[in-house]
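Novice: When you get a sec, could you give me coordinates for this:
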Amino acid sequence: MFDAQSPSLLETPLALPSGQIIRNRIAKVAMEENLADGTHLPGAQLRQLYRTWGAGGAGLIITGNVMVAADAVTGPGGVVLDAQQPVAPFREWAEAGKAEGAWMWMQISHPGRQVFVATHATAIAPSAARVDMGKHSSLFFEPRAIPRQISERSSTSSP
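Specialist: The predicted model follows:
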């Protein structure tokens with residue numbers, strides 16, 4: 001029976017096997033906001049958005065896609081974290097999301113063959129198979145395949 005005086009399951013902490021304890025079971029799931037600044041960094045707009053979500057009471061905030069290569073983004077306004085990007089804007093973004101006590105986890109991503117022709121001149125994927133979307137297929141590049149040695153090494157390495 002429902003008891004309005006006791007906390008709901010959503011409000012109870014969640015202990016993870018890693019030892020982390022999330023303050024409740026409410027999560028903001030990953031969405032691709034496309035609000036990066038002109039250099040693909042998380043700027044003021046993303047910091048404010050995540051600060052707002054954190055203030056909303058979620059125990060866990062999962063970022064939208066953060067691309068791992070500047071030549072592989074899914075569209076304009078995508079966040080890119082690679083060796084060329086400064087780390088400070090990412091720290092500020094994390095601080096904004098965590099300001100009210102939420103955990104913030106980053107979703108890292110690589111779109112593979114799903115790179116729009118309008119966003120970059122090439123695409124790399126596990127195979128050279130093009131995106132098949134009928135008459136819309138021409139919106140995507142025909143990717144070049146990852147060199148065999150790299151894909152073999154990746155498939156045989158342990159987690």
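
Novice: Name whatever forms a beta bridge with A125.
Specialist: Note on A125: beta-bridge partners by DSSP bridges are A145.

Novice: Wait, it touches I146, no?
Specialist: Yes: shown here, A125 and I146 form a contact pair, counting by C-beta atoms under 8 Å, at 6.9 Å. For glycine as for every other residue, the C-beta is placed from the backbone atoms N, C-alpha and C.

Novice: Between those two, tell me which one has more neighbours.
Specialist: A125 (22 against 16; other C-beta atoms under 10 Å).

Novice: Contacts only, for the more buried one.
Specialist: 112-113, 143-146 (C-beta atoms under 8 Å, 6 or more residues apart in numbering).

Novice: Show me where the protein dips below the pLDDT cut-off.
Specialist: Low-confidence segments of the chain (pLDDT under 70): 1-6, 149-159.

Novice: Please list all residues in contact with the residue nearest the centre of it.
Specialist: Centroid-nearest residue in the chain, with C-alpha atoms, centre = their mean: N65, separated by 2.5 Å. Contacts for N65 were tallied using C-beta under 8 Å, 6+ apart; they are 30, 32, 74, 78-79, 107-109.

Novice: Next up, the contacts around the closest residue to it other than its chain neighbours.
Specialist: Excluding the flanking residues, the one nearest N65 by C-beta to C-beta, 6 or more residues apart in numbering is S109, at 4.1 Å. S109 sits next to 65-68, 74 when contact means C-beta under 8 Å, 6+ apart.

Novice: go on, M67?
Specialist: By C-beta under 8 Å, 6+ apart, the residues touching M67 are 40, 73-74, 78-82, 108-111.
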